[in-house]
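Student: Attaching a predicted model along with its sequence, questions to come.
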Amino acid sequence: MALILGIDPGSRLTGYGIINAVGNRLEYVTCGCIRLPDVEHPQRLKQIFDSLSSIIEEHAPQECAIEEVFLGKSVSSALKLGQARGSAIVACMHYDLPVAEYSARKVKQALVGTGSAEKAQVQHMVKVLLGVTGNFQEDAADALAIAICHANTKASLLKIAGARSFRNSRLQH
């Protein structure tokens, strides 16, 4: 069992989602969005840190996965997004959570099978994989997708490590 916190950082809205990875099964725990007030940027960063700290204290996840920065509309936006990510990462590190980072393309590839998937396809797969029928806010669904990507990546790496260990033990006999 591993509770995984997924984070989709933003300077105006930060999505979060928590799943429980039990073997090959994924269970939905919670998700939501941290709506940041229309205040100075440093105060928004503090709000991200404080809100994620509260979520971590309440749910006690063991791991965190966060989306990497991508260059979008402007350098200024990318810098603010990077600062929001930094605030989220520091909140996780404050609680000694290991942090994994994934590109948006990798998350889409892991859930839909193609890195150029549309948002609606990703949201649909989140609901299918977690067995949830309701709709999620876009940023919360993205955060759940990041957590699912991490769970699947970790499971794949464990299988590969197990196969190598099995092969190595067979070679020694």
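Tutor: Arrived safely.
Student: is it true that His41 touches Ser11?
Tutor: Yes - taking contacts as CB atoms under 8 Å, His41 lies within contact range of Ser11: 7.0 Å. For every residue, glycine as well, the C-beta is placed using N, CA and C.
Student: Give the intersection of the neighbour lists for the two.
Tutor: Shared contacts of His41 and Ser11, defined by CB atoms under 8 Å, 6 or more residues apart in numbering, are found at Lys80, Gln83.
Student: Give me the more crowded residue out of the two.
Tutor: Ser11 (20 against 13; other CB atoms under 10 Å).
Student: Ends of stretch 107-120, what's the gap?
Tutor: 14 Å (CA to CA, to the nearest Å).
Student: List the buried residues in it.
Tutor: Neighbour counts over stretch 107-120 (16 or more other CB atoms under 10 Å) mark Val107, Lys108, Gln109, Ala110, Leu111, Val112, Ala117 as buried.
Student: In CSV, list those along with pLDDT and distance to Ile4.
Tutor: Listed next are the buried residues of stretch 107-120 as CSV, based on pLDDT from 0 to 100; distance: CB to CB, whole Å:
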residue, pLDDT, distance to Ile4
Val107, 94, 13
Lys108, 93, 18
Gln109, 91, 18
Ala110, 90, 13
Leu111, 91, 14
Val112, 90, 19
Ala117, 90, 21
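Student: Low-confidence ranges, this structure, go.
Tutor: 71-72, 155-173 (pLDDT under 70).
Student: Repeat the analysis, applying 50 as the threshold.
Tutor: For the chain, the stretches flagged by pLDDT under 50 are 163, 165-167, 170.
Student: For it, which segments count as strands?
Tutor: 2-8, 13-22, 25-35, 63-67, 99-102 (DSSP state E).
Student: Tell me which of these lies nearest to Thr133.
Tutor: For those, the distance to Thr133 is smallest for strand 25-35, at 10.7 Å, taking CB to CB.
Student: Against which helices or strands is the closest one packed?
Tutor: Where contact means 3 or more CB pairs under 8 Å, 6 or more residues apart in numbering; DSSP states H and E, strand 25-35 is packed against strand 13-22, helix 41-59, helix 119-130, helix 138-172.
Student: which of the ones you listed is buried the deepest?
Tutor: strand 13-22 (a mean of 23; mean count of other CB atoms under 10 Å).
Student: helices and strands around that one, which ones?
Tutor: strand 2-8, strand 25-35, helix 41-59, helix 138-172.
Student: ok, 10 Å please
Tutor: Secondary-structure packing of strand 13-22 (3 or more CB pairs under 10 Å, 6 or more residues apart in numbering; DSSP states H and E): strand 2-8, strand 25-35, helix 41-59, strand 63-67, helix 75-94, helix 119-130, helix 138-172.
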